[in-house]
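Colleague: need a structure here:
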Amino acid sequence: MAHIMNDKLVFLGLLYFVQGIPYGLQSSLLPVYLRGAGHSLTRIGFTKILYFPWVLKVLWAPLVDRIGTKRRWLVGTVSGLALTCLSSAAFAPEAHIWGVAGTLLAMNALASVQDIAVDGAAVGLLKGRSELGLGNTAQVVGYKAGSVFAGGGLLAVIEVAGWSWMFMLLTFVYAGVALFVWGAPVLDNEPVRGQQADGGRRGGQGPEIVRPWRAWRKLLAVPGTPWTVLYVLTYKLGEQGAVTMFPLFLLDHHMTARELGFWNGVIAMGFSICGSSLGGLLLAQFSIGTLMRRVFVMRTVSMVFQSSLLTVLEPSPLMKGMAVLSMSVQHFLGGLITTLTFTTMMHCTQRAEESVQATHYSFLATLEVLGKLMFSALAGGVVDWVGFEAAFLFFLTLSAGTALHVWTATMTGALREHQLKEQPQ
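Modeller: Residues are numbered from 1 along each chain as shown. Sure thing, here's the model as predicted:
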């Protein structure tokens, strides 16, 4: 049984790794490369529009649920990413900015469909609390590792070999993963959905595709969904504001851009990955309700410590060390909470009918992205309006409110049921 679980983790980790590559390209590599090529900050800022397919993925999630198999969707989307990277090799961003934007938009669209398929496959593959914890660790760590690989490692490739060869390398990476998925034994027992799989149910499936609100009613009727929707929209609000704004405070008063890039970009991401990995191990030993209650309180305490550093404006080695410690703890706890959150989402999705599981999970994942992105966009305006100290007091209040929301759920709400069912023997 151990080797079967290892096969599942390798399968999921590899797919989430290649899924994180477009995010790393767009969020880290592309801005640096375009700025070095002389493009304006306004033009670089417009690249955030290319994330839009991730918001829309819930609209086409029912197709992935009802047509074909997860293997076909995964092979098709990863192969499409390989072809997109091959076409990207023909464009130089300094001369063909719109061509590069088009290929990145296509990569985001394909990656968002791949995300639906791999999430649906994970829901079916992972059984029991320990497998859910390890599987969601593979998801979070794999995605972050892919993002770091694209946003950091590929910068070195560009400096040595150039833009075209970097995308040729990605073409071979995606093509290799597509071949791996095509022959992966973990999906051998997957049923075929749609009209070809069960002709006797065509009359029942057709109306739902034509009238999708029936599928939406199924989503909202899944036990625990209302609480989970509110949770995924709000659980990162305070943390996201602090993660976005605290590095800018350090840039203004205590660190150079190079120092900040190393401590916040490399070291902090390493702590985030460690936190995500630890989350999977802890889920094998403790109930998710107990873990979430304790970790959310710890996150609130860490934000109190970080907020206190805002009163120190004079640079000093001690202050720099305290700032690095604060960021490291914050990212570690953030990674741990992310793993617990995606495990909670998957636990909720497994209560849904199999025909809507991928759609249900994509719905929750879309709301999770929306909650983080909306507040990230507003955090800078809040700081400009009221200043760092008052803004961080607001972020701290949001974080404490989320901790109270989780604490209440573990005692009387949705997480109490999880905790009672999953108590270790």
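
Colleague: When you work out contacts or count neighbours from here on, use the C-alpha atoms and nothing else.
Modeller: Fine.

Colleague: Let me see the ranges of the helices in the stretch 201-350 of the chain.
Modeller: Counting by DSSP state H, counting those that start in this stretch, the stretch 201-350 of the chain has helices at residues 202-210, 213-221, 225-234, 237-253, 257-260, 268-283, 288-308, 317-349.

Colleague: Let me have these in JSON lines, extended by distance to I49, mean neighbour count and mean pLDDT.
Modeller: Formatted as JSON lines, those follow (distance: least, Cα to Cα, whole Å; neighbours: other Cα atoms under 10 Å; pLDDT from 0 to 100):
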{"stretch": "helix 202-210", "distance to I49": "29", "mean neighbour count": "12", "mean pLDDT": "43"}
{"stretch": "helix 213-221", "distance to I49": "27", "mean neighbour count": "14", "mean pLDDT": "69"}
{"stretch": "helix 225-234", "distance to I49": "20", "mean neighbour count": "19", "mean pLDDT": "88"}
{"stretch": "helix 237-253", "distance to I49": "19", "mean neighbour count": "20", "mean pLDDT": "80"}
{"stretch": "helix 257-260", "distance to I49": "25", "mean neighbour count": "14", "mean pLDDT": "65"}
{"stretch": "helix 268-283", "distance to I49": "24", "mean neighbour count": "22", "mean pLDDT": "83"}
{"stretch": "helix 288-308", "distance to I49": "31", "mean neighbour count": "19", "mean pLDDT": "90"}
{"stretch": "helix 317-349", "distance to I49": "24", "mean neighbour count": "21", "mean pLDDT": "89"}
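
Colleague: out of those, nearest to K8?
Modeller: helix 268-283 (14.3 Å; Cα to Cα).

Colleague: how far does the closest one sit from the chain's center?
Modeller: 14 Å (Cα atoms, centre = their mean, to the nearest Å).

Colleague: of the helices of the stretch 201-350 of the chain, which approaches V406 most closely?
Modeller: Comparing those by Cα to Cα, helix 288-308 comes nearest, at 6.2 Å.

Colleague: can you give me the angle the closest one makes with helix 237-253?
Modeller: Here helix 288-308 points in a direction 30 degrees away from that of helix 237-253 (axes from the mean of the first three to the mean of the last three Cα atoms, to 10 degrees).

Colleague: just the angle between helix 288-308 and helix 268-283, please?
Modeller: Going by the same axes, to 10 degrees, helix 288-308 makes 150 degrees with helix 268-283.

Colleague: re the thing from before, and of the helices of the stretch 201-350 of the chain, who's closest to A358?
Modeller: helix 317-349 (8.1 Å).

Colleague: Check which helices and strands whichever helix or strand comes after the closest one is in contact with.
Modeller: Downstream of helix 317-349, the first helix or strand assigned by DSSP states H and E is helix 357-386. Packing contacts for helix 357-386, counted by 3 or more Cα pairs under 8 Å, 6 or more residues apart in numbering; DSSP states H and E, involve helix 52-66, helix 97-125, helix 225-234, helix 237-253, helix 317-349, helix 388-412.

Colleague: Now distance to V173 too, for those helices, in CSV please.
Modeller: Listed next are the helices and strands packed on helix 357-386 as CSV, based on distance: least, Cα to Cα, whole Å:
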stretch, distance to V173
helix 52-66, 22
helix 97-125, 14
helix 225-234, 32
helix 237-253, 31
helix 317-349, 26
helix 388-412, 39
